[in-house]
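>>> Turn this into a structure:
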Amino acid sequence: MIVALSGVSFPVFWLAIMMIYLFAVILGWLPPSGRLSIQLSIQGVTGLYVLDALLTRNWVAAWDAFKHIIMPAIALGTIPLAIIVRMTRSAMLDVLGQDYVRTARSKGLSETLVVRKHALRNALLPVITVIGLSFGVLLSGAILTETVFSWPGIGRWVFDAIASRDYPIIQGGVIFVAAMFVVVNLLVDLSYALIDPRIQYA
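Below is the predicted model:
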């Protein structure tokens, strides 16, 4: 609970800066920015450095690219993960107090089976909704995360376009984000029917 509350409370840019200060400056475990060390190169196949290095059997570059992605991934995923954890906990506490869960326990089922088979599936509907909404947090956090870590992605692309008043790129970025929102919410709606058979679409 404390971890979830802390994750929601910390701004993504502050978390990113603190991670750079701790793991790159003080401890020296991870690189502070970029996608790959300047002395290394990767033959482009997919555009994903870790995957490209693995496909070309460049193990040194693969490990280096993986180290570069650790801090941006943690900084970007902490807030959505904390939101999902809080919602899952709240939904599970609500479901575990229902009559059918008490009936399952009275039949002598193990707590693991009660939670996995009877409680979790019924608690997933609000969690799936939050996962879909958290996608927006990822997109908005990507702008700050990619700026702090000097990571060339769609967030940095839109940020540079705004700074240079490149309106066609800004419009393209907005259209892309809107299209992704539509696709994600469509997938969320379709997943409802898979989780709860009572939900049917005409």
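
>>> Surely residue 51 is in contact with residue 45?
Yes - between residue 51 and residue 45 there is a contact at 7.4 Å, judged by CB atoms under 8 Å. In short, each C-beta sits where N, CA and C put it, glycine included.

>>> how about residue 113, what does it touch?
residue 104 (CB atoms under 8 Å, 6 or more residues apart in numbering).

>>> For residue 147, see how far away it is.
Here the criterion is CB to CB, to the nearest Å. By it, residue 113 lies 47 Å from residue 147.

>>> same thing with residue 116?
Residue 116 is 41 Å from residue 147, by CB to CB.

>>> who has more neighbours, those two?
residue 147 (16 against 11; other CB atoms under 10 Å).

>>> And the pLDDT for the more buried one?
The per-residue pLDDT reported for residue 147 equals 84.

>>> Now do the contacts for it.
Residue 147 neighbours (CB under 8 Å, 6+ apart): 13, 155-156, 159.

>>> and the helix or strand where residue 63 lies, how far from the chain's centre?
If you go by DSSP states H and E, residue 63 is part of helix 59-96. Relative to its chain's centre, helix 59-96 lies at 6 Å (CA atoms, centre = their mean, to the nearest Å).

>>> in this structure, what spans have low per-residue confidence?
1-8, 197-202 (pLDDT under 70).

>>> How is residue 46 assigned, secondary-structure-wise?
The assignment at residue 46 comes out as coil when based on DSSP: H, G, I helix; E, B strand; the rest coil.

>>> so what's it closest to, chain neighbours aside?
Spatial nearest neighbour of residue 46, chain neighbours left out: residue 52 (5.7 Å); criterion: CB to CB, 6 or more residues apart in numbering.

>>> what about that neighbour, how many neighbours?
Neighbour tally, residue 52, other CB under 10 Å: 18.

>>> I'd like the distance between it and residue 26.
Relative to residue 26, residue 52 is positioned 31 Å away (CB to CB).

>>> quick one: contacts for the residue most central in space within the chain?
A centroid search over the chain (CA atoms, centre = their mean) returns residue 77, at 4.1 Å, as the residue closest to the centre. Each residue near residue 77 by CB under 8 Å, 6+ apart is listed here: residue 138.

>>> Phi first, then psi, for the residue nearest to residue 46.
phi -60, psi -40 (degrees, to the nearest 10).

>>> Surely it touches residue 44?
Yes - assessed by CB under 8 Å, residue 52 is found in contact with residue 44 at 6.0 Å.

>>> how many neighbours does the closest residue to residue 91 other than its chain neighbours have?
Counting by CB to CB, 6+ apart, residue 123 is the residue found nearest to residue 91 once chain neighbours are left out, at 3.8 Å. A count of nearby residues for residue 123, using other CB under 10 Å, gives 23.

>>> roughly how far apart are residue 82 and residue 109?
From residue 82 to residue 109 the distance is 31 Å (CB to CB).

>>> So which of the two has more stuff around it?
Just comparing residue 82 and residue 109: by other CB under 10 Å the higher neighbour count belongs to residue 82, 19 against 15.
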